[in-house]
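Novice: I'll drop the sequence and a predicted model, then ask my questions.
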Amino acid sequence: MLPFQLTRLGIVMTPAPDDPCEAWGVLNPASARKDGDLYLFPRDVAEGNYSRIGIAKVEFDDAGNPTGVTRLGYALEPETDYERSERGTGGVEDPRITWVEPLQIWVMAYTAVARWGPRIALAVSHDLFHWERLGLLTWEPTCDTDFGIYGNKDGAFFPDVVLDPDGNEALALVHRPTYLVAHPDGTVTLEVPCDVKDERESIWLGYVSLEHARADIRHLTHVYTSELLATPEFEWESLKIGGGTPPALIPEGWLMFYHGVTGYYSLNPNVPKHVVYAAGALVMDRKRPTTIVYRSPQPVLQPQGEDEKEGIVRNVVFPTAIDRRERGRLDVYYGMADSRIGVACTDTPQHLPGDEKDL
C-alpha cells in the first residue's frame with residue numbers, strides 16, 4: 001500500500017438547518033490546537049455564496065475520534081473592500097491556520113473575494129479567538145510578473161523557516177495563482193509567468209522576509225519572490241492542482257495534503273462544471289521545499305458515497321486542515337461536496353518508497 005492513504009472517520013460538521021448563514025454549506029476548515037483543545041475554522045456559506053469564517057470546538061469520543069463540534073461564533077466576517085462586492089457575494093473563504101514558530105503567532109491565510117476576484121489575505125492572532133487583519137498579500141515582481149494581477153487561492157504558511165532561492169533563511173507560503181488576468185474592458189486573458197510551459201493551475205511557493213516580519217508583523221503580507229513547486233503530473237490531477245493542508249513536519253520533510261482535479265470546465269460561468277476533486281500527499285525537503293521528496297502517484301482520498309458525491313459542488317474531497325495526534329497519527333479535515341466537513345486519518349510512515357521519489 002502506498003503511504004498516507006486516508007481512512008475515513010466520519011462527518012464532523014453539517015449545516016445547521018435553522019441558520020441562514022450556513023444555507024449553502026459548511027466546508028474547508030482550518031484547524032488549530034490550544035490548551036489541548038482542537039478548534040475548527042470552517043467556511044460558513046450563506047445563500048448567494050456569501051462566506052464567513054466560523055469557530056467551532058471539536059468534540060471527541062472515548063476512543064479519541066472526532067465526532068462533532070460546538071459552534072462558538074465567527075472569527076472573521078466580510079468587512080473590508082477587499083472582502084466584499086457590490087452584488088453581495090464573495091466574502092472570506094477557505095482559511096488555513098499555521099502556528100509560525102519564529103514569530104510566536106497564529107497566521108491565517110484566507111481567500112478574500114471582492115469585485116476583482118479571489119486574492120489571498122492574512123490575519124494573525126495570539127489567542128485564536130481575536131484576529132487582526134493584515135491585508136492582502138503584495139508581491140515584488142518575479143520574472144517581471146506581479147503576481148497581484150492574478151486571482152489566487154490556497155494560501156498556507158510553513159510553520160518554520162526554510163531557504164529561499166538564494167539560500168537565505170525565510171518564511172514561506174504555498175499559493176495557487178490562476179494565471180487569469182481581468183482587464184477593465186471585461187475581458188480575461190491567460191498569462192503564464194516565468195516562461196512556465198504548463199498553462200494549468202499549479203502550486204507555487206512565495207517567500208517573506210523573516211527579519212522584516214519580526215520587526216513589523218504587517219510585513220508578513222509582503223512576498224519578495226515566488227518559485228514554481230509542482231505542476232499537474234498524474235492522471236488523477238490532470239486538470240489542475242492546488243494546495244491543501246498547511247505543511248507539517250515529518251522526519252522526511254514537510255508533508256502537505258493537496259488537491260488534484262480531473263474533468264473539464266469553462267471560463268463561461270453559465271457552462272456547468274464536470275470535475276472531480278481528489279487528495280494526494282506531497283513531501284518537500286526540510287530546508288529547500290521546492291525539492292520534492294515524495295508525491296502520491298494515486299489519490300490518498302477520492303469521492304465515495306453520497307456525502308462526497310452530492311452537494312453544492314458534486315464529487316469533491318478537499319483537504320484543508322491537519323491535526324497531529326499521538327504515536328504518529330495524523331487527522332485530516334476536508335470539505336465534502338462543498339457542503340459538509342469530514343475527517344480521515346493516516347499514520348506517518350517510517351520510510352517512504354524509494355521507487356516513488358521525485359527528486
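Specialist: Sure thing, it's come through.
Novice: my read is residue 119 is in a strand, agree?
Specialist: Yes. The assignment for residue 119 is a strand, going by DSSP: H, G, I helix; E, B strand; the rest coil.
Novice: quick one, helices of the stretch 201-350 of the chain?
Specialist: 210-215, 306-309 (DSSP state H, counting those that start in this stretch).
Novice: what's the most buried one of those helices?
Specialist: Of the helices of the stretch 201-350 of the chain, the one with the most neighbours on average (mean count of other Cβ atoms under 10 Å) is helix 306-309, at a mean of 17. Any C-beta I mention is one placed from the backbone N, CA and C, and that applies to glycine too.
Novice: name the helices or strands packed onto that helix?
Specialist: strand 340-347 (3 or more Cβ pairs under 8 Å, 6 or more residues apart in numbering; DSSP states H and E).
Novice: now residue 330: how far from residue 31?
Specialist: 12 Å (Cβ to Cβ, to the nearest Å).
Novice: higher neighbour count, those two?
Specialist: residue 31 (24 against 20; other Cβ atoms under 10 Å).
Novice: burial count for residue 101?
Specialist: Around residue 101 there are 11 residues (other Cβ under 10 Å).
Novice: need phi/psi at it.
Specialist: phi -60, psi -50 (degrees, to the nearest 10).
Novice: what of residue 147?
Specialist: Residue torsions, per degrees, to the nearest 10, at residue 147 are phi -70, psi -10.
Novice: quick one, what contacts it?
Specialist: 139, 175, 177, 193, 206, 223, 226 (Cβ atoms under 8 Å, 6 or more residues apart in numbering).
Novice: possible to save the residues you listed as TSV with pLDDT, distance to residue 65 and neighbour count?
Specialist: Shown next, in TSV, are the contacts of residue 147 (pLDDT from 0 to 100; distance: Cβ to Cβ, whole Å; neighbours: other Cβ atoms under 10 Å):
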residue	pLDDT	distance to residue 65	neighbour count
139	98	41	22
175	98	33	25
177	98	37	26
193	94	44	19
206	98	36	27
223	98	38	25
226	97	39	24
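Novice: quick check: of those residues, which lies closest to residue 55?
Specialist: Using Cβ to Cβ, residue 175 comes nearest to residue 55 of the contacts of residue 147, at 24.3 Å.
Novice: who does the closest one bridge with?
Specialist: residue 204 (DSSP bridges).
Novice: so it makes contact with residue 204?
Specialist: Yes. Residue 175 is within contact range of residue 204, at 5.4 Å (criterion: Cβ atoms under 8 Å).
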